[in-house]
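Asker: model the following, please.
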Amino acid sequence: MDTLEENAHPIRITSQGKIKNWVTFALNSFEEKPDVPLTFHTISPVKGSDEGGKNPNGTQRLNSSVTLAPRLISVVEIVKREYLRNLATKRSPRLQGLHQYNEIGMLEDEEVPAAPEEEGVSGAAEKRSEKIIEALAGKNHVKQTQTPFMRITLSLTELPNLQAKGATYQPPTTRKLTKSAKARANRRKKRAAEQEAPTSPELAGEPMDI
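Answerer: Numbering: from 1, shown residues only. A predicted model of the protein is given here:
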């Protein structure tokens, strides 16, 4: 059976995308699909495209997955704030905001020199196999590149499996109620208690037939 975190919808934060669009999508998703968590990340779908390379002055350029981390955090914080604001606007009985799980790590990609174009796909695969065999035999080392990444998962419910895997947990913010909101909440509780109360004649104070 799939867990909630396995069913999480991924949202990749890029330098070209608009924050407003990501926030709107997230808020609509939590309203229409409350059981589906959202995972915001900066990992590029194209292998190697996150590599920073060199600046004109020769210094190492940071990976895009690193430079986009502040933008990712901004999106997450706005989503959390607007979610609480929507609860108040819609007079929702829910007081808690969103559960947050943070993951930071490194992705390792084996880097094998590409085969010449004329060798085609089969030639490239053969070259790769040769390099791996050499590495296993101790004759050569397959170069590995590490790509740092950040993932933040927001959910309406707790996701203990993510925490067990090493994610850091931030509990949801509890929104403060105004006096009128507190009064409405108390009235709802009172009505709910009255509906659940026993209705037998004896308990209701009505005379019983003997």
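
Asker: so which strand or helix has R151?
Answerer: Under the criterion of DSSP states H and E, R151 resides in strand 143-155.

Asker: contacts for stretch 8-25, please.
Answerer: Stretch 8-25 has contacts (Cβ atoms under 8 Å, 6 or more residues apart in numbering) with 26, 29, 33, 36-45, 64, 67-68, 71-72, 74-75, 78-79, 82, 153, 155. Any C-beta I mention is one placed from the backbone N, CA and C, and that applies to glycine too.

Asker: filter these to the buried ones?
Answerer: The neighbour count (16 or more other Cβ atoms under 10 Å) marks 26, 29, 37-44, 64, 68, 71-72, 75, 78-79, 153, 155 as buried among the contacts of stretch 8-25.

Asker: of the contacts of stretch 8-25, which belong to strands?
Answerer: Mapping these onto strands (DSSP state E) picks out 38-41, 153, 155.

Asker: dump those into TSV; add distance to A8 and pLDDT as well.
Answerer: Below are the ones in strands among the contacts of stretch 8-25 laid out as TSV (distance: Cβ to Cβ, whole Å; pLDDT from 0 to 100):
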residue	distance to A8	pLDDT
L38	6	97
T39	4	96
F40	10	96
H41	10	93
T153	6	97
S155	8	97
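
Asker: low-confidence ranges in the protein?
Answerer: For the chain, residues meeting the criterion pLDDT under 70 lie at 1-6, 46-64, 108-125, 127-146, 177-185, 189, 197-210.

Asker: show the residue spans covered by the strands in it.
Answerer: Under DSSP E, the chain gives strands at 9-12, 38-41, 99-111, 143-155, 168-170.

Asker: quick one: closest of those strands to N86.
Answerer: strand 143-155 (13.8 Å; Cβ to Cβ).
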